[in-house]
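Asks: Structure of the sequence below:
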Amino acid sequence: MIRRRYEVLSTLNDILIGIWFLVGSILFFSEATTYVGTWFFVVGSVELLIRPGIRLARRVHLQRIPDAAGHPPDAAPDF
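Replies: Below is the predicted model of the structure:
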């Protein structure tokens, strides 16, 4: 369930990246909207920086979950 949530978050982020860069590209067709188009590219670049943050958050979150035997993360099982 956790992996699916992060996958959805990552997919939504990728869609936003595409939208920002597509709209920014369209706005570059007119000199009157080039300034706004530049800001769309800046926002898209920020979204690109968010992408690895989502992956890192997912990895940290999954590592903090106890294993199936109930052992805390990184704990050696007693034999």
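
Asks: Nearest residue to Phe28 in space, please, no chain neighbours.
Replies: The spatial neighbour of Phe28 that comes closest, neighbours along the chain excluded (CB to CB, 6 or more residues apart in numbering), is Gly37 at 4.6 Å. All C-beta atoms are positioned from the backbone trio N, CA, C, and that covers glycine.

Asks: same thing with Ile54?
Replies: Of all residues not flanking Ile54 in the chain, Ser10 sits nearest, at 5.1 Å (CB to CB, 6+ apart).

Asks: roughly how far apart are the one you found and Arg55?
Replies: Ser10 sits 7 Å away from Arg55, going by CB to CB, to the nearest Å.

Asks: cool, Asp14 as well?
Replies: Separation of Asp14 from Arg55 (CB to CB): 12 Å.

Asks: just Phe41 next, same as before
Replies: Counting by CB to CB, the gap from Phe41 to Arg55 is 23 Å.

Asks: More neighbours: these two, which one.
Replies: Taking neighbours as other CB atoms under 10 Å, Phe41 and Arg55 compare with Phe41 leading, 16 against 12.

Asks: Sweet, I'm off.
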